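Asks: Okay, sequence plus prediction incoming.
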Amino acid sequence: QFQLVESGGGLVQPGGSLRLSCAAPGFTLNYYAIGWFRQAPGEDRELVSCILRDMDNPHYADSVKGRFTMSRDDSKNTMYLQMNNLKPEDTGVYYCSVQRVPAMCATPYVHSWGIGTLVTVFS
(Lines give C-alpha, C1' and ligand atoms only; values in the text may rest on other atoms or scores of the structure.)
Protein backbone atom coordinates (compact mmCIF):
# COMPACT_ATOMS: atom_id res chain seq x y z
CA GLN A 1 0.00 0.00 0.00
CA PHE A 2 1.36 3.39 -1.03
CA GLN A 3 0.81 6.55 0.97
CA LEU A 4 -1.10 9.29 -0.82
CA VAL A 5 -1.49 12.65 0.94
CA GLU A 6 -4.46 14.75 -0.20
CA SER A 7 -5.29 18.38 0.44
CA GLY A 8 -7.44 21.16 -0.95
CA GLY A 9 -11.07 20.33 -0.24
CA GLY A 10 -13.50 22.77 1.33
CA LEU A 11 -16.71 24.74 1.04
CA VAL A 12 -17.50 26.71 -2.09
CA GLN A 13 -20.52 28.32 -3.71
CA PRO A 14 -21.79 27.22 -7.12
CA GLY A 15 -19.58 28.58 -9.85
CA GLY A 16 -16.55 28.61 -7.59
CA SER A 17 -13.25 26.78 -7.92
CA LEU A 18 -11.07 24.49 -5.85
CA ARG A 19 -7.78 22.71 -6.52
CA LEU A 20 -7.09 19.34 -4.99
CA SER A 21 -3.54 18.07 -4.53
CA CYS A 22 -2.27 14.56 -3.91
CA ALA A 23 1.38 14.03 -3.01
CA ALA A 24 3.04 10.63 -3.27
CA PRO A 25 5.98 10.30 -0.88
CA GLY A 26 8.06 7.18 -1.21
CA PHE A 27 7.28 6.07 -4.76
CA THR A 28 7.29 7.48 -8.30
CA LEU A 29 3.85 8.56 -9.40
CA ASN A 30 4.46 8.47 -13.16
CA TYR A 31 5.15 4.73 -13.04
CA TYR A 32 1.42 4.16 -12.58
CA ALA A 33 -1.96 4.99 -13.96
CA ILE A 34 -3.51 7.50 -11.56
CA GLY A 35 -7.03 8.66 -10.99
CA TRP A 36 -9.38 10.88 -9.03
CA PHE A 37 -12.63 9.39 -7.78
CA ARG A 38 -15.47 10.88 -5.77
CA GLN A 39 -18.25 9.57 -3.59
CA ALA A 40 -21.42 11.49 -2.87
CA PRO A 41 -23.50 10.65 0.22
CA GLY A 42 -25.41 7.43 -0.34
CA GLU A 43 -23.80 6.84 -3.72
CA ASP A 44 -21.11 4.54 -5.10
CA ARG A 45 -17.61 5.81 -5.64
CA GLU A 46 -17.23 7.01 -9.22
CA LEU A 47 -14.31 7.82 -11.48
CA VAL A 48 -13.82 11.53 -12.16
CA SER A 49 -10.58 11.61 -14.10
CA CYS A 50 -7.66 9.37 -15.02
CA ILE A 51 -4.16 9.58 -16.53
CA LEU A 52 -2.87 6.26 -17.81
CA ARG A 53 0.78 5.32 -17.47
CA ASP A 54 2.96 6.67 -20.29
CA MET A 55 0.17 9.03 -21.32
CA ASP A 56 -0.16 12.75 -20.72
CA ASN A 57 -3.77 13.39 -21.71
CA PRO A 58 -6.35 12.85 -18.96
CA HIS A 59 -9.71 11.17 -19.45
CA TYR A 60 -12.78 12.66 -17.78
CA ALA A 61 -16.25 11.62 -16.75
CA ASP A 62 -18.86 13.31 -18.93
CA SER A 63 -20.23 15.14 -15.89
CA VAL A 64 -17.00 17.09 -15.37
CA LYS A 65 -15.69 17.57 -18.92
CA GLY A 66 -14.86 21.19 -19.63
CA ARG A 67 -14.88 22.09 -15.93
CA PHE A 68 -12.23 19.89 -14.29
CA THR A 69 -8.58 19.54 -15.25
CA MET A 70 -6.34 16.75 -13.99
CA SER A 71 -2.58 17.11 -14.10
CA ARG A 72 0.60 15.56 -12.75
CA ASP A 73 3.81 17.37 -11.80
CA ASP A 74 6.64 14.86 -12.00
CA SER A 75 9.12 17.25 -10.40
CA LYS A 76 6.92 17.36 -7.27
CA ASN A 77 5.60 13.80 -7.59
CA THR A 78 2.13 15.22 -7.11
CA MET A 79 -1.19 15.00 -8.96
CA TYR A 80 -3.81 17.74 -9.06
CA LEU A 81 -7.46 18.22 -9.85
CA GLN A 82 -8.45 21.76 -10.76
CA MET A 83 -12.21 22.11 -10.41
CA ASN A 84 -13.93 25.13 -11.94
CA ASN A 85 -17.57 26.14 -12.25
CA LEU A 86 -18.47 23.82 -9.40
CA LYS A 87 -22.05 22.62 -9.05
CA PRO A 88 -23.95 21.27 -6.03
CA GLU A 89 -23.87 17.81 -7.64
CA ASP A 90 -20.06 17.88 -7.40
CA THR A 91 -20.38 17.60 -3.62
CA GLY A 92 -18.67 14.55 -2.17
CA VAL A 93 -15.48 13.07 -0.82
CA TYR A 94 -12.72 13.09 -3.42
CA TYR A 95 -10.07 10.40 -3.45
CA CYS A 96 -6.83 10.20 -5.37
CA SER A 97 -5.63 6.76 -6.35
CA VAL A 98 -2.91 4.66 -7.91
CA GLN A 99 -3.98 1.81 -10.14
CA ARG A 100 -2.73 -1.80 -10.21
CA VAL A 101 -2.68 -1.88 -14.00
CA PRO A 102 -1.18 0.73 -16.35
CA ALA A 103 -4.06 1.01 -18.80
CA MET A 104 -7.16 1.11 -16.63
CA CYS A 105 -8.73 3.35 -14.01
CA ALA A 106 -11.56 1.67 -12.13
CA THR A 107 -12.34 0.88 -8.51
CA PRO A 108 -11.57 -2.87 -8.80
CA TYR A 109 -8.09 -2.02 -10.06
CA VAL A 110 -7.08 0.49 -7.42
CA HIS A 111 -3.85 -0.34 -5.62
CA SER A 112 -3.86 2.55 -3.13
CA TRP A 113 -6.31 5.24 -2.07
CA GLY A 114 -5.79 8.61 -0.50
CA ILE A 115 -7.75 9.24 2.69
CA GLY A 116 -10.17 11.53 0.88
CA THR A 117 -10.96 15.22 1.05
CA LEU A 118 -14.45 16.67 1.34
CA VAL A 119 -15.76 19.09 -1.27
CA THR A 120 -19.05 20.81 -0.48
CA VAL A 121 -20.75 23.03 -3.03
CA PHE A 122 -23.63 24.89 -1.41
CA SER A 123 -26.03 27.51 -2.63
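Replies: The structure has been received and is ready for your questions. Numbering: from 1, shown residues only.
Asks: so is the residue nearest the centre of the chain in a helix, a strand, or just coil?
Replies: Central residue of the chain (Cα atoms, centre = their mean): Trp36, 2.2 Å from the mean position. When classified by DSSP: H, G, I helix; E, B strand; the rest coil, Trp36 comes out as strand.
Asks: ok, it touching Cys96?
Replies: Yes - in this structure Trp36 lies within contact range of Cys96 using Cβ atoms under 8 Å: 5.7 Å. All C-beta spots, glycine's among them, are computed from the backbone N, C-alpha and C.
Asks: what's the burial count for the closest residue in space to Cys22 that isn't next to it in sequence?
Replies: Distances taken as Cβ to Cβ, 6 or more residues apart in numbering place Cys96 nearest to Cys22, at 3.4 Å, with adjacent residues excluded. Counted with other Cβ atoms under 10 Å, residues neighbouring Cys96 total 29.
Asks: what's the next secondary structure element after the helix or strand containing Cys96?
Replies: Element membership for Cys96 (DSSP states H and E) is strand 92-99. Counting by DSSP H and E, the next helix or strand C-terminal to strand 92-99 is strand 110-113.
Asks: Against which helices or strands is that following strand packed?
Replies: In terms of contacts (3 or more Cβ pairs under 8 Å, 6 or more residues apart in numbering; DSSP states H and E), strand 110-113 is packed against strand 92-99.
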